[in-house]
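> sequence first, then the predicted structure:
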There are 2 protein chains.
Amino acid sequence: MTPTRIAVIGLGSMGLGMATSLLHAGFEVAGYDVVTANAERLAAAGGRIAATPAEAASGAAAVVCVVVNAAQTEAVLFGPDGCAAAMKSGAVFISCATMAPDVVRGLAARLEAQGQHYLDAPISGGAARAAEGKLTILASGSAAAFATARPALDAMAATLHELGDAPGVGAGFKMVNQLLAGVHIAAACEAVAFGASLGLDLRKLYEVITGSAGNSWMFENRVPHILDADYTPRSAVNIFTKDLGIVLDMARAAPLSVPMAGSALQLFLMTAAAGMGRDDDASVARLFAMISGIDLPDGK
Amino acid sequence: MTPTRIAVIGLGSMGLGMATSLLHAGFEVAGYDVVTANAERLAAAGGRIAATPAEAASGAAAVVCVVVNAAQTEAVLFGPDGCAAAMKSGAVFISCATMAPDVVRGLAARLEAQGQHYLDAPISGGAARAAEGKLTILASGSAAAFATARPALDAMAATLHELGDAPGVGAGFKMVNQLLAGVHIAAACEAVAFGASLGLDLRKLYEVITGSAGNSWMFENRVPHILDADYTPRSAVNIFTKDLGIVLDMARAAPLSVPMAGSALQLFLMTAAAGMGRDDDASVARLFAMISGIDLPDGK
């Protein structure tokens, strides 16, 4: 029996991991990335490199799109050599980028009008979990989109949340998660700076807080980067200027005041403005240190 | 052998639970509270009611002070019928209220100058854990203060963090925890309001977020109050107007800008100003609902 073909567009750390999970599950994977070096990593893992998104999508049962934002997703679908014109009828586009629900609904309507399916499927979990096929996927879409996507989803996800029967709902849940994640990173950095200003032992502080009611998933995950003075980007400051920017745009449109997200966005923007946009998002702690002269660990 | 006597000043939900733990561990407990009904609950549990803080402290090896703030702690120690004049030489004052480190250092210096010990010992954990003797205590003080306090601490705490040899360090750790706790409650309420504005299923949102990177201890603990529309105070809005107020005062004195804590304080103050200061701190969600007209669960 010929293995089912899946296309993966966007082969950064997340997309490559997801493509690898699909290969391990027995799928034939055709991949595309604008960066040739990224595409070559797929070939090394056993996948096939396509020259365009359209070529990758041709003959595929599902197209998994793991790019950075709405503009890239639109280009992958409807730009020159885009997937929409090449996908076979009844195939599903699994869209993983973080986007506003309204944008998702617009892209889905355009694709579905021509006889293909759209699954709104933002992801959560880092590159390691992507490579293990253990992501969390926040999905919504038609029953047909779910049915067509399910074998690929099962290969990529440990937890599949089925959140509704229309695209846009998954995106809404993802944006709430990003609001909290961004606020908690900013708060973790502020709290470490505050503790440093009091002269507290910061490793002891980590131990105390992670066992107390002040803990968050982000505090526990990001503060070790500060303690080790390691700002190699696992997730970059610019991800949160983007995602909290979407949250603030959505809230302004509602209208709803979201002062916690607003303050967090300003801290990420200040950090990016200070030249650290591509560094790890825990760099917000270095912004506090720059401004106030407190001492953070130097990693030595 | 005569059991060791411990005084407990302040018999609210936390103080009563701690007094109960001390009784279970075999101590003789003398208690005082300005509210007679609170003191009577101690008598029902097997403790002795004292007419004044001084009377409770007389003959005690340790005085555990579980009042609300610095002003009350100062009154318990040095006010009319205060403990300081009644405590025997070498006894220890175990101070549990949340206070600024500078204030702690001032009270400790006054008490230690007259031959008694001061243990800076803010607590974490709710009333249930207090009654089970399973609190977390963030303690600092002299070796003599720790040695004298240890039997009582062992009866009250599951986790005793020994954070330094001078009063004020425990208070610093507690203030960092309160910064994070307050920010996380405000963020949880804002995120629920944002999700409601998107029309998301809020119980599903709770399930998704508690399994995602956006989770916090406070989100997990407080959002059920919103889902059940139960704003009976487990911990009140006014606790965070107080504690974040201390954080902002400390940061201003440093000087350090703490915009996340600043935004959270304004949300708690708005909630208190709207008449909900004595309600559960998850009432910040009701402030968002009042302002923006979103629908939160009505508990029916």
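Great, that's in hand.

> ok, and the closest non-adjacent residue to the closest residue to chain B within the stretch 1-150 of chain A?
Nearest residue of the stretch 1-150 of chain A to chain B: A:Ser124, at 5.1 Å (Cβ to the nearest Cβ). In short, each C-beta sits where N, CA and C put it, glycine included. Counting by Cβ to Cβ, 6 or more residues apart in numbering or on different chains, A:Ser124 lies nearest to A:Thr136, which is 4.3 Å off, once chain neighbours are set aside.

> and for A:Leu153?
For A:Leu153, the spatially nearest residue (Cβ to Cβ, 6+ apart) is A:Leu160, at 5.5 Å.

> which element is the one you found on?
In this assignment (DSSP states H and E), A:Leu160 forms part of strand A:157-162.

> show me what that strand packs onto, helices and strands only.
strand A:135-139, helix A:143-156, helix B:202-210 (3 or more Cβ pairs under 8 Å, 6 or more residues apart in numbering or on different chains; DSSP states H and E).

> which of the ones you listed sits closest to A:Tyr32?
Proximity to A:Tyr32 (Cβ to Cβ) singles out helix A:143-156 among those, at 16.2 Å.

> phi and psi next, for the residue of the stretch 1-150 of chain A closest to chain B.
Taking degrees, to the nearest 10, you get phi -140, psi 140 for the backbone angles of A:Ser124.

> just give me the neighbour total for it.
A:Ser124 has 23 neighbours, counted by other Cβ atoms under 10 Å in any protein chain shown.

> and if you look at A:Arg278?
A:Arg278: 12 neighbours (other Cβ under 10 Å).

> distance from the helix or strand where A:Leu244 lies to the middle of the chain?
Element membership for A:Leu244, per DSSP H and E: helix A:237-253. Mean-position distance between helix A:237-253 and its chain equals 14 Å (Cα atoms, centre = their mean, to the nearest Å).

> let me know the angle separating whichever helix or strand comes after it from helix B:259-271.
Per DSSP H and E, the first helix or strand lying C-terminal to helix A:237-253 is helix A:259-271. Angle, helix A:259-271 to helix B:259-271, by axes from the mean of the first three to the mean of the last three Cα atoms, to 10 degrees: 160 degrees.

> ok, now how distant is the residue nearest to A:Leu153 from A:Cys65?
From A:Leu160 across to A:Cys65, the span is 17 Å (Cβ to Cβ, to the nearest Å).

> these two: which has the busier surroundings?
Each of A:Leu160 and A:Cys65 has its neighbours counted (other Cβ under 10 Å); A:Cys65 has more, 24 against 18.

> model confidence for that one, exactly?
If you check A:Cys65, the pLDDT there is 98.

> quick one on the thing from earlier: is the residue nearest to A:Leu153 in a bridge, and if so with what?
Using DSSP bridges, the bridge partners assigned to A:Leu160 are A:Ile137.

> how about the residues of the stretch 201-300 of chain A by chain B?
The interface of the stretch 201-300 of chain A toward chain B, taken as Cβ under 8 Å from any Cβ of the partner chain, is made up of A:201, A:204-205, A:207-209, A:211-219, A:221, A:247, A:250-251, A:254-264, A:266-267, A:288, A:291-292, A:294.

> surely A:Gly172 is in a helix?
Yes: assessed by DSSP: H, G, I helix; E, B strand; the rest coil, A:Gly172 belongs to a helix.

> next, count neighbours for it.
Residues near A:Gly172, counting by other Cβ under 10 Å: 26.

> got the contact list for whichever strand or helix holds A:Leu111?
If you go by DSSP H and E, A:Leu111 is part of helix A:101-112. With contact meaning Cβ atoms under 8 Å, 6 or more residues apart in numbering or on different chains, helix A:101-112 is reached by A:70, A:73-74, A:77-78, A:84, A:93, A:95, A:117-118, A:120, A:141-142, A:166-172, A:175, A:250, B:198.
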